[in-house]
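J.: test case, fold it:
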Amino acid sequence: MRFGTGLVAVWCVGIVVSFGAVSVSATAQAAIPPKLYWGNNTEIAVANLDGTLPNFNFINSGSMIGVAVNAQHIYWTEPISNKIGRANLSGTEKNEAFITGHADVPWGVAVNDNFIYWTNQNSGSIGRAKLDGTEANEKFIEGINDPAGLAINSEYIYFASFEGKEIGRAKLDGTEVTTKLIELTNKPGGVAVDGQHVYWTNESATSIGEANLNGTGKNEEFIPTGSEPKGLAVNGQHIYWANRTGSTLGEANLDGSGLTAELVKGASKPAGVAVSVPLATPSTTALAFATTPEQSLSVPQTLTLTNQGVASLSVYGISFSGADQQDFVVRSSTCGSVIEPESSCQVSVSFAPQASGARAATMQITSDDYANSPLSIALSGTAGGLPQGPIGQTGPTGQTGPTGATGSTGATGPTGATGSTGATGPRGPAGLDGQVILVTCTTTTRTVNHKPKKTTKCTSRPVPTPTTFTSTSIERATLGRHGFVYAIGTARKGRVVLRATRALSAGRYTLTLVSGRGRHAVVRRMAVELP
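T.: Prediction:
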């Protein structure tokens, strides 16, 4: 066992709990602003995200190491007493023995919408229990060499092997365990994940490492911290870590820039770190469309996405996967901006079958609610034939009349004068001749009077189109690639105006125009090249 100067447990931000309905206690806690939490030796400490107003004695308990939060609770590990504790986000209703008898020197801790996970250093395992603490299984995953920090997303558990010098991964159900996903030269401590990367602390190398979620692109010197980093957490804007030897907490941007080594000063041997999380909750997990004629467009259905968490929610993209992913289109979306706690946005989807029979796909919504990203919405529908109108009754056939006599041929008349050329008619309405305008908006956050202030700046640029196309009516438009929707907008008055919903890189995209509604809708697709 190691206490005080050894490995410290960590937790990854973005681990949240999802409920079908918000309880009274969850609603009451929604007024709590986003916070930064960390294990502060024998207590849990808290501060604002900019490091101001630290409270070093927020929750008192034993040796409090790993820390995790969701939309309702804060969790921590106590390796000396072999317990896992829990309290409300306000610090009330503290339960130091929330899980006991099923932990063996617990270190890291993480939660999602179904379970709580923790590492057991002494038994070399990862434990799991339901969110109410029942059905605890200390050896949910076994055979890990000295497990330390861990973090989870919607698919995997990531864990650090301190003595093994490696980062491992397993499915959330405990299968497909890979202990050597990332092999390292230093002993890792804290672990965190976001939508694209896994991060870890290198204690002896005084740095934070980074790699892709599949273990490729390893960079062990991603952020040089200059001190001994322990716990680690991320949100949609920043990376946070605990400097155990310097008794400080540091911060940097997600790309490693903007390093602030002493965001919080005066901590007491800080360990695990966590930040407030958003919670993306869909109104349904499945959309079933009525039978729709092939090559037409169904009446749209609307999905509502609500942020039931404590931090602001950012939706990064909407995409489709599955065998029939081209049969479904986004008609409109209000999820392109930041969604504040207790607020919602809507996504309108239509069924556009390209072939006959039953069709199915999955709509995926990616966001900075990393524990539930991407959200998966099942889509289904059946393509039918075009409707046929009723056939009227055939009337009776009349009698054939007698053939009349052939008349004589008359004389040829004189040729008439040539008439004047008529005036040229008015020019028809201007059509859309391939002019596409892409609007890209960037939201930045800065601190003013100790409060975060968001500023949005938008720029526009033309997108060349190799194909000439016309449209005199208002059409709905989307720009997509590989099943992902990158921009949405409308075509009207001689041009398409698209607003980007996620970052676009150079390359070929598909521009989809939809005119009309219901079974009379027409879908057109064409390729455009983004420079």
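J.: buried ones in stretch 244-252?
T.: With burial defined by 16 or more other C-beta atoms under 10 Å, the residues of stretch 244-252 counted as buried are 244, 246, 247, 248, 249, 250, 251, 252. The C-beta positions use only the backbone N, C-alpha and C, and glycine is treated the same way.
J.: which SSE is the closest residue to the first one other than its chain neighbours in?
T.: Translated: residue 244. For residue 244, the nearest residue in space outside its immediate sequence neighbours is residue 230; the separation is 4.6 Å by C-beta to C-beta, 6 or more residues apart in numbering. Taking DSSP states H and E as the definition, one finds residue 230 inside strand 229-234.
J.: and for residue 110, the neighbour number?
T.: If you count neighbours by other C-beta atoms under 10 Å, residue 110 ends up with 35.
J.: one step back: and the residue nearest to residue 244, how far from residue 266?
T.: 16 Å (C-beta to C-beta, to the nearest Å).
J.: more neighbours: the two, which one.
T.: When neighbours are counted by other C-beta under 10 Å, residue 230 comes out ahead of the other of residue 230 and residue 266, with 28 against 12.
J.: next step: the buried residues of stretch 244-252 restricted to strands.
T.: Assigned to strands by DSSP state E, the following of these qualify: 248, 249, 250, 251, 252.
J.: please name the bridge partners of the first one.
T.: In this structure, residue 248 bridges to residue 243 when assessed by DSSP bridges.
J.: ok, back up a step: let me know the closest of the ones in strands among the buried residues of stretch 244-252 to residue 183.
T.: Of all these, the one with the least separation from residue 183 (C-beta to C-beta) is residue 252, at 24.5 Å.
J.: with adjacent residues omitted, what lies nearest to that closest one?
T.: The nearest residue in space to residue 252 (C-beta to C-beta, 6+ apart) is residue 259, at 4.5 Å.
J.: that neighbour - how many residues pack around it?
T.: Residues contacting residue 259 under the criterion other C-beta under 10 Å number 15.
J.: just the CA atoms of the strand holding residue 230, as CSV, please.
T.: The C-alpha atoms that make up strand 229-234 are tabulated as CSV, following Å, rounded to 0.1, in the frame of the first residue of the first chain:
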residue,chain,number,x,y,z
PRO,A,229,1.0,16.1,-11.3
LYS,A,230,-1.5,13.7,-9.7
GLY,A,231,-5.2,14.0,-10.4
LEU,A,232,-6.5,15.0,-13.8
ALA,A,233,-9.9,16.2,-15.2
VAL,A,234,-11.2,17.8,-18.4
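J.: angle of that strand against strand 248-253?
T.: In terms of direction (axes from the mean of the first three to the mean of the last three C-alpha atoms, to 10 degrees), strand 229-234 departs from strand 248-253 by 40 degrees.
J.: partner strands of strand 229-234 and their direction?
T.: For strand 229-234, sheet partners with direction are given as strand 238-243 (antiparallel), following DSSP bridges.
J.: which residues touch the strand it pairs with?
T.: For strand 238-243, contacts defined as C-beta atoms under 8 Å, 6 or more residues apart in numbering pick out 8, 13, 36, 38-39, 49, 190, 192, 199, 201, 208, 223, 225, 227-234, 249-254, 256, 261, 263, 267, 270-273, 275.
J.: and that strand, what's its mean pLDDT?
T.: Throughout strand 238-243, pLDDT has a mean value of 95.
J.: ok, back up a step: and the pLDDT at the residue nearest to residue 244?
T.: The predicted local confidence for residue 230 is 92.
J.: make sure it is actually in contact with residue 200.
T.: No - with contact defined as C-beta atoms under 8 Å, residue 230 and residue 200 do not form a contacting pair (11.1 Å).
J.: okay, and the common contacts of those two?
T.: Common neighbours of residue 230 and residue 200 (criterion: C-beta under 8 Å, 6+ apart): 189, 190.
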